[in-house]
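**Q** sequence plus the predicted model coming up.
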Amino acid sequence: MADMIVASALTKRFGGFTALDRADITIGEGITGLLGSNGAGKSTLIKLVLGLLTPDGGSVHALGSDAQLRRPEVVQRIGYAPEGECFPSDVRAQDLVRHIGEVQGLPTRVAINRASDVLQHVGLGEERFRPIGTMSTGQKQRVKLAATIVHDPQIVLLDEPTNGLDPMQRDIMLELVPTLWTSFGMSVVLCSHLLQEVERVCGHVVMLDGGKVVAQGELTALQRGDQGFVFQVGHNVGAVCDLLVAKGYPAAPTPDGVIEIRSDSPCLGNDIRDAVADAGASLIRLEPIRVSIESLFFTAGSEAA
Amino acid sequence: MADTTGDSLGERGATSGQRASSGPGPSAIHDLGYRGYEGERLGPSHSIRAVARVSAQRALGLRRSARWKIIPVVVIALVFIPSIAMVAASVLIDNPELVPLSSFFSEASIAIVIFAAFAGSEVVTSDLKSGLASLYASTQLGALGFLRAKLIGIFAVIFGVVCFPLLLRILAVLLQDGYPSWFDSVRDVAVGVVVSILIAAMFTSFVVAVSFVTRDFRIAMVAVLAIVLVTAMAAGALVDADRERNEPETTVVATEVGSDQYWFDPGDRSARTVAAAMFSLPALASEIGLRAFGAPAACEFSFDLDNAGCRPIDYPGVPTTLFVLAALMWTLLGLGVARWQLERSLT
């Protein structure tokens, strides 16, 4: 998997405030959530990737090139959607997207054609000739998405794309975001402070807290960890527990027969299977313990602190 | 094309279609018919042209609703109609009384100020307010490119509003055989273009600076007009004080002969009076115009180009270079303030 964005010991200070502190970040293909509370360093990272800020230490590369030294070429391959509404209301969607295409380096004729195409792709057919001010919030979001991808970027940076949207519009947006990767093949960095949002659409995650990276990697791997299994048996719960305790696992059932064993033993799965079989119990469910993204975030944050 | 950055980042070595096929849902590509783009990508100067062009269009109210066309149309009418009338008069009437070129800037300065205030404020603040400025800055334009593009766009329209009516007036003089030799007409055209550039640059950087500081269309427009008015009044007060101290009688005479078309009476031009013009943008524009096309500056009763009734103007004390420098200083000051406020505006 190719690395889209790589930051090495990236540091950025604003006066006495350290916005990013020796951050090592690798963002690959696919959809990556950039997660953190306000002031965690998300926006600073985005601005460093876009070459809008100069790092105080370390470096940041996008698409294999230094984001500072080769800025014009790098940003041509990045689509950035800032937070909130960002377009004048009396301009037609088609004109605006065409204009952004030109600003992103597309020759005029190409920009005209691609503006029509991408507006169709995001679901704005005939509406594309309407002034943006007359559109619904959801349609405006689509226009923004179209403007972000009109120049066929390899990386799309979305800064809080659901801010200000009602639940239904938020839903639509979160359905649109994955299509950037699945249908258009663009890697997406979704910048958000909403954990559920990231959990819903992102395959990977980078968690920032106080300018430090507290966790990063594949979301399912982070959530799974090597922490153990949770399982439930129909009867003979006590016998199953006894067998597992005999093997050295801290097994204790809850009143409804659910047993959670936290252990990093690689044999745990097999041992549970054997204990259930030996006790003659019926297995109802067995799954790895999944850590919710909330607890992952808070655990990682407190560990880092 | 030198502008082209080429495809040096194309290490992905795949068409967008292939790139997409590495995604989890390759069949969707065909469903949606999305096509990638592997063609030519143009560099930052292309982006600057695009933003400057759109900015100029917005300033002129093109492709916008009627209310955004009102001020541009009124201003363009105000500056062009007298010039067109003079061209028409030169063609239709023998020996018409043309207003001298030197007074063009003092006549047009109010219209130019209003237009500059409108164009600059609208073109800059709308992008800052809508957030489009941040989007521009994130592209290859960068923050400085955004500022450059805005300056170019606004300069272009203000220059057009200043220079073309002036050229029409030169044409009127030419049609009337008012130039002793072709050299004089070429000289006037060259001087007209240079002075227009100077004045347009001064107004552009001034309104752009105010717009970056205020970041709101209405406030910016009011601020520009207020600054112009206050400085004009302050300069006027200096002039009045100077008049009373020096030559109160001359003032009366000068006013009687109708020289109030000037911001500063040519008949009453002590060094202090003239220097006061440097602190007021329209007065500075008028003064530069007056000096650029010098000759019939203090005509009495007749604007005849044979200079009958005109007395050669005396430029007491203050050399013309100083006024040009003042215009350049205003320009640089505006650019400095805009540059200083740029980062703050884009965060």
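**A** Received it, and whenever you're ready, just let me know what you need.
**Q** where's the residue nearest to B:Ser121 when sequence neighbours are not counted, which helix or strand?
**A** Leaving aside its sequence neighbours, B:Ser121 sits nearest to B:Ala220 (Cβ to Cβ, 6 or more residues apart in numbering or on different chains; 3.7 Å). Placement of C-beta: from N, CA and C, glycine included. Using DSSP states H and E, B:Ala220 sits within helix B:217-246.
**Q** and the residue nearest to B:Ser121, how close does it get to chain A?
**A** Distance, B:Ala220 to chain A, using Cβ to the nearest Cβ, to the nearest Å: 16 Å.
**Q** surely that residue is in contact with B:Val207?
**A** Yes - contact criterion Cβ atoms under 8 Å: B:Ala220 and B:Val207 qualify, at 7.5 Å.
**Q** and the helix holding B:Ala220, what does it pack against?
**A** Secondary-structure packing of helix B:217-246 (3 or more Cβ pairs under 8 Å, 6 or more residues apart in numbering or on different chains; DSSP states H and E): helix B:104-130, helix B:182-214, helix B:271-276, helix B:281-292.
**Q** just name the most buried of those.
**A** Highest mean neighbour count of the helices and strands packed on helix B:217-246: helix B:281-292, a mean of 26 (counted as mean count of other Cβ atoms under 10 Å in any protein chain shown).
**Q** next up, the contacts around B:Ala172.
**A** Neighbouring residues of B:Ala172 by Cβ atoms under 8 Å, 6 or more residues apart in numbering or on different chains: B:83, B:86-87, B:89-90, B:98.
**Q** next up, the contacts around the residue nearest to B:Ser121.
**A** Neighbouring residues of B:Ala220 by Cβ under 8 Å, 6+ apart: B:117, B:120-121, B:124-125, B:207, B:210-211, B:214.
**Q** dump those to CSV, plus pLDDT.
**A** Below are the contacts of B:Ala220 laid out as CSV (pLDDT from 0 to 100):
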residue, pLDDT
B:Ala117, 95
B:Gly120, 91
B:Ser121, 93
B:Val124, 94
B:Thr125, 94
B:Val207, 96
B:Val210, 96
B:Ser211, 96
B:Thr214, 94
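**Q** from these, which is closest to A:Arg170?
**A** B:Thr125 (30.2 Å; Cβ to Cβ).
**Q** wait, the closest one sits on B:Val213?
**A** No - applying Cβ under 8 Å as the test, B:Thr125 and B:Val213 come out as separate, 10.3 Å apart.
**Q** what strand or helix carries A:Phe298?
**A** helix A:293-304.
**Q** which residues of chain A score low on pLDDT?
**A** For chain A, the stretches with pLDDT under 70 are A:1, A:224-226, A:301-305.
**Q** the same query, at a cut-off of 80, please.
**A** Chain A contains residues with pLDDT under 80 at A:1, A:84-85, A:221-227, A:255-257, A:290-305.
**Q** any idea which residue sits dead centre in it?
**A** The centroid of chain A falls nearest to A:Gly33 when counting by Cα atoms, centre = their mean (1.5 Å).
**Q** what residues are up against that one?
**A** Neighbours of A:Gly33 in contact, by Cβ under 8 Å, 6+ apart: A:189-190, A:192, A:197-199, A:201-202, A:204-206, A:219.
**Q** may I have the predicted confidence score for the residue lying closest to B:Ala119 once chain neighbours are set aside?
**A** Of all residues not flanking B:Ala119 in the chain, B:Ala59 sits nearest, at 3.7 Å (Cβ to Cβ, 6+ apart). B:Ala59 carries a pLDDT value of 95.
**Q** equivalent analysis for B:Asp242, please.
**A** We have a pLDDT of 67 for B:Asp242.
**Q** show me which residues of the stretch 151-300 of chain A sit near chain B.
**A** A:151-152, A:154, A:179, A:181-185 (Cβ under 8 Å from any Cβ of the partner chain).
**Q** try 7 Å this time
**A** Counting by Cβ under 7 Å from any Cβ of the partner chain, the residues of the stretch 151-300 of chain A close to chain B are A:151-152, A:154, A:181-185.
**Q** just give the closest residue to the residue of the stretch 51-200 of chain B found nearest chain A, not the sequence neighbours.
**A** Here the stretch 51-200 of chain B gets closest to chain A at one residue, B:Gly131, 3.4 Å apart by Cβ to the nearest Cβ. Of all residues not flanking B:Gly131 in the chain, A:Cys86 sits nearest, at 3.4 Å (Cβ to Cβ, 6+ apart).
**Q** same question, A:Asp166
**A** In space, A:Asp166 is closest to A:Thr137, 7.5 Å off (Cβ to Cβ, 6+ apart).
**Q** circling back: gap between the helix holding B:Ala220 and the chain center?
**A** On the basis of Cα atoms, centre = their mean, to the nearest Å, helix B:217-246 sits 19 Å off its chain's mean C-alpha point.
**Q** repeat that for stretch B:129-138.
**A** Per Cα atoms, centre = their mean, the centroid offset for stretch B:129-138 relative to its chain is 24 Å.
**Q** same question for stretch A:171-187.
**A** Centroid separation for stretch A:171-187 versus its chain: 12 Å, with Cα atoms, centre = their mean.
**Q** only the buried residues of that stretch, if you could.
**A** In terms of neighbour count (16 or more other Cβ atoms under 10 Å in any protein chain shown), stretch A:171-187 has its buried residues at A:172-174, A:176-187.
**Q** likewise stretch A:252-266?
**A** A:257, A:259-261, A:263.
**Q** what do you get for stretch B:335-347?
**A** Buried, per 16+ other Cβ under 10 Å, within stretch B:335-347: B:335, B:337-338, B:341-342, B:345-346.
**Q** looking at the residues you listed, which one is closest to chain A?
**A** For chain A, the nearest member of these is B:Leu346. The distance, counting by Cβ to the nearest Cβ, is 7.8 Å.
**Q** residue contacts, that closest one?
**A** Contact analysis of B:Leu346 by Cβ atoms under 7 Å, 6 or more residues apart in numbering or on different chains lists B:133-134, B:137, B:143.
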